[in-house]
Structure formats: C-alpha cells, structure tokens
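K.L.:
using only what follows, build the 3D model:
(one chain, ligands or ions: 1)
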Amino acid sequence: MGQLPQADWTKREGLKQLTAALGPDNLRWVGGAVRDTLLGVPVKDIDGATPLLPDEVMTRCKEAGIRIVPTGLEHGTLTAVLSEGPVEITTLRRDVSTDGRRATVTFATEWQEDASRRDFTINALYTHPETLEVSDYFGGLEDLEARTVRFIGDARERIREDHLRILRYYRFQARFGAELDEEAEEACTELAGTLKGLSRERIAMELLNLLGLPDPTATIARMRERGVLPVILPEAQACHIRALESLIEAEQRNNVEPSSIRRLAALLPPSPEVAVGVAARLRLSRAQRGQLSSAASRVAEDARNPRLLAYSEGMQSAEDRLLLAGADLAPLANWTPPQFPLRGGQIVARGVKAGPQVAQIMQTIERKWAEEGFPNKARIEELLSSELANLKPDPSA
Ligand SMILES: Nc1ccn([C@@H]2O[C@H](COP(=O)(O)OP(=O)(O)OP(=O)(O)O)[C@@H](O)[C@H]2O)c(=O)n1
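P.N.:
The predicted model follows:
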C-alpha cells in the first residue's frame, strides 16, 4: 500500500462529482495518471476503473447530470465529459481472447483481475478517489522507485496479447527507465517480428511519441541492436543513431522543442525519395510528410547561409535542416524573411516587354539579392541596372 500525493487533478470538481455519482468505493484512478503523479511529472489523461457495468455507470451519471459518451463500449469504456475535460471510465475486465491486435473481453468484479490484464506493473496502480490510497498488486511501486519497466507476469504472453506493447515498453523505458529488465528485452527481441501485423498508424503513433521524448537516443540505439527498429524502420543504420544524437545536442544547445518528425529525418538517409517512401509507409499526415521530406533534403551547404535557406525553404524547414546539420539557429533569431521589394512593373517601366523575360530578370535579381544577405533598395537598383545593361536586344521588339 502506498499513498498518492495530492495533485492539481485530484482536487478537480468534476472528478468529485463523478466520484459522488458512482460511489467512492466503485471507482479507482488507474494507469498513467497514477504513475505520473507518483513520478512527479505532468499528467496527461485521467482513467478510471469501476466494477459497475457500463449500463449502470451510464444510468448513475445521467442521474447526476454528467454527460456520458460511449467511446469504447465493446471494451466497457465510457467517457464522462466533465468541466475540466473528459475522463475515461472502464468496467473491470479480463481479456478472454486476443490476437495481438484486439481483444475480446469479459467483465470482472475484482480489482486484481483487472490489474492482471494490464501491460506493466507501474501501469497497474489503482488509487481510491477520496483516500488516495494506492493499491499495488504486482510490485509496481517498487518498480517505479527503481525506474524499472516490468511486464506483469510473463513478458512474452503480454506481448502476444498486444504486440504494440513492445513499442510501449521502449517508450516507457526512454521516459524514465533506469534499470533494464532483461526478460522484457529478450521477449521484445524474440517477438519483434509481430510488429509487422499491426496497423501502420499505431506503429507510427508510438514511434513518434518515443521520438518526441527529451532524449530517446540510447533507447533507439538499443532497439536497433535488439532487432526491433529494423522491423519498423529498416532505413535506420548506426550512422543515423549518431545523427540523432547530434541533432538532439543541437536542439538542446539552441533551446528548441523536440520535433518527432525532425528526429525521424535524422534516422533516415538524406534523401527526399526515401523520406516520401517512409512517410507513405507510416501513413503520416500531409503536413508531417512535407516536413519529413523537406528535412531529409538536408545538405552540408545548408549551414553556410542560414537566412538564404530560410528565405528559400521557409522557417520550419530551415530550422530542421540547420539543426540536422548541427548548426546554430542564432542567425534566424528575431529575424523574419523580408519581402522581395522589386515588382515586375518596375522592370517593364524600364523598357522590357512584359512577359517571360521580366520573370527571368526578377528571378536572377532575387537570387543575387538573397545570396548577398537581402541588401537595401540602392543595391537592387544596381543589380537591375547591370541586368538591363546585359540584355540582348529583343528581336521581336
Ligand atoms: N497496450 C496497452 C495499452 C494500455 N494498457 C493499460 O491501459 C492504461 C491506459 O493506457 P494509455 O492511456 O494508452 O497509456 P498510459 O499508461 O495512460 O500512458 P500515456 O498516456 O503516457 O501513454 C495503461 O496504463 C495500461 O494499464 C495496457 O495494458 N496495454
């Protein structure tokens, strides 16, 4: 037994209402919220577990004026929409059959039974909503203390129930794991191939979540050595792990927030074609695909003229490519790419016939102007005069 410290979320009015509606003995907070509060890190979502059947949860919530949305009824999950945000409530359950991707469940009455279907000991800690007493059926508190991510029971069995747990294991490891669990490591290697059967969206989501953590390099390197990364990202070679490491150093030096896509780019050879292929395979969104292929276009020259890069490729892409080149972002700080001040009309006014020649002159001058570091109008006038002087007479004129 342990005790959850009071946290902002434990005092929420909406959670008190929900507790009153279901009865305090029929509700426990479980999973990430309990784990992260004990670790002293910010809590994302709050999940509740209850021995009440979904119909009963619905009836009691309706009577108490709490809006309920059936978000995963086949698994006994309802979402209570509370003033401070949604909370998932899941009826205690046991998995009766699993195929590694989805489970058929039956409802249970014992907290421990519900605990035993979960993935890791640290994710199976239950807290009473009023006393905040923690129930720990599998040594999760001790594992949390030692920062060990340990499967409940047999690691292989847990992974066979849900293959995504391999990636969840590495994600939690990268977040706070200190002690490696050898049994878990071996099970992940042995069953790595099962990841192929999962939907690519789920794989991508886990991979990007992992890459977005403060420093996942050591974990990614281990996943590669252990044969897990090659299943989901065969493009990543040892040199790319070093690229990820230096990217993260550059991000930290420049005080830049992690970007999962930029980090994914570090793990790929610098080729837009490869990036487009990986983006399609992982079913990335259009925006993610754009960011990835632009970041993957990185070349060593990028770092030579950061402002030119930002002007021609846009800020996001320049930041990504500079950081991937290990360069500093200082030249871009407090700087907005300027507007090219020359208009086609000005060239026509100087006697050039409107048409492709004007566009060509514009382009030449714009390129020179950007390469020279965006000098003032007087210099543009010089550039224009020298272009016009070089013009061959237009034969059609
Ligand atoms: N493949 C999975 C996914 C989830 N769970 C259980 O369901 C809980 C909630 O899952 P989820 O919200 O996905 O993760 P959290 O543990 O809350 O962590 P985070 O939100 O940081 O991902 C987990 O704690 C775990 O007990 C599980 O056993 N197996």
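K.L.:
got the contact list for residue 377?
P.N.:
residue 341 (Cβ atoms under 8 Å, 6 or more residues apart in numbering). Heads up, the C-betas are built off the backbone N, CA and C, glycines and all.
K.L.:
so how far is residue 311 from it?
P.N.:
To residue 311, residue 377 is 17 Å away according to Cβ to Cβ, to the nearest Å.
K.L.:
before we move on, what about residue 194?
P.N.:
From residue 194 to residue 311 the distance is 47 Å (Cβ to Cβ).
K.L.:
now residue 359. Nearest residue, chain neighbours left out?
P.N.:
Nearest residue to residue 359, sequence neighbours excluded (Cβ to Cβ, 6 or more residues apart in numbering): residue 344, at 7.2 Å.
K.L.:
in terms of pLDDT, where does residue 177 sit?
P.N.:
We have a pLDDT of 79 for residue 177.
K.L.:
ok, the residue lying closest to it once chain neighbours are set aside to the ligand distance?
P.N.:
The shortest distance from residue 177 to any residue other than its chain neighbours is 4.9 Å, reached at residue 149 (Cβ to Cβ, 6+ apart). Relative to the ligand, residue 149 is positioned 11 Å away (Cβ to the nearest ligand atom, to the nearest Å).
K.L.:
for the one residue in the stretch 251-397 of the chain that gets nearest to the ligand, give me its contacts.
P.N.:
Here the stretch 251-397 of the chain gets closest to the ligand at one residue, residue 260, 14.3 Å apart by Cβ to the nearest ligand atom. The neighbours of residue 260, taking Cβ under 8 Å, 6+ apart as the test, are 207, 208, 209, 211, 212.
K.L.:
which of these lies closest to residue 85?
P.N.:
residue 209 (19.8 Å; Cβ to Cβ).
K.L.:
before we move on, which element is that closest one in?
P.N.:
Assessed by DSSP states H and E, residue 209 sits inside helix 200-211.
K.L.:
which other helices and strands contact the next helix or strand after that helix?
P.N.:
Per DSSP H and E, the first helix or strand lying C-terminal to helix 200-211 is helix 217-225. Under the contact criterion of 3 or more Cβ pairs under 8 Å, 6 or more residues apart in numbering; DSSP states H and E, helix 217-225 touches helix 165-176, helix 200-211, helix 229-232, helix 238-253.
K.L.:
report the buried residues of helix 217-225.
P.N.:
Neighbour-count burial for helix 217-225 flags 217, 219, 220, 221, 222, 223, 224 (criterion: 16 or more other Cβ atoms under 10 Å).
K.L.:
can you check stretch 178-194 too?
P.N.:
181, 184, 185, 187, 188, 191, 192, 194.
K.L.:
from the residues you listed, which are also near the ligand?
P.N.:
Filtering the buried residues of stretch 178-194 for proximity to the ligand by Cβ under 6 Å from any ligand atom leaves nothing.
K.L.:
hmm, back to that, deepest in the core, which of the helices and strands packed on helix 217-225 is it.
P.N.:
Highest mean neighbour count of these: helix 165-176, a mean of 23 (counted as mean count of other Cβ atoms under 10 Å).
K.L.:
what's that helix packed up against?
P.N.:
helix 155-161, helix 182-190, helix 200-211, helix 217-225.
K.L.:
got JSON lines for those, with distance to residue 16 too?
P.N.:
Below are the helices and strands packed on helix 165-176 laid out as JSON lines (distance: least, Cβ to Cβ, whole Å):
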{"stretch": "helix 155-161", "distance to residue 16": "34"}
{"stretch": "helix 182-190", "distance to residue 16": "38"}
{"stretch": "helix 200-211", "distance to residue 16": "31"}
{"stretch": "helix 217-225", "distance to residue 16": "38"}
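K.L.:
turn those into CSV, including mean pLDDT.
P.N.:
Listed next are those as CSV, based on pLDDT from 0 to 100:
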stretch, mean pLDDT
helix 155-161, 95
helix 182-190, 96
helix 200-211, 97
helix 217-225, 97
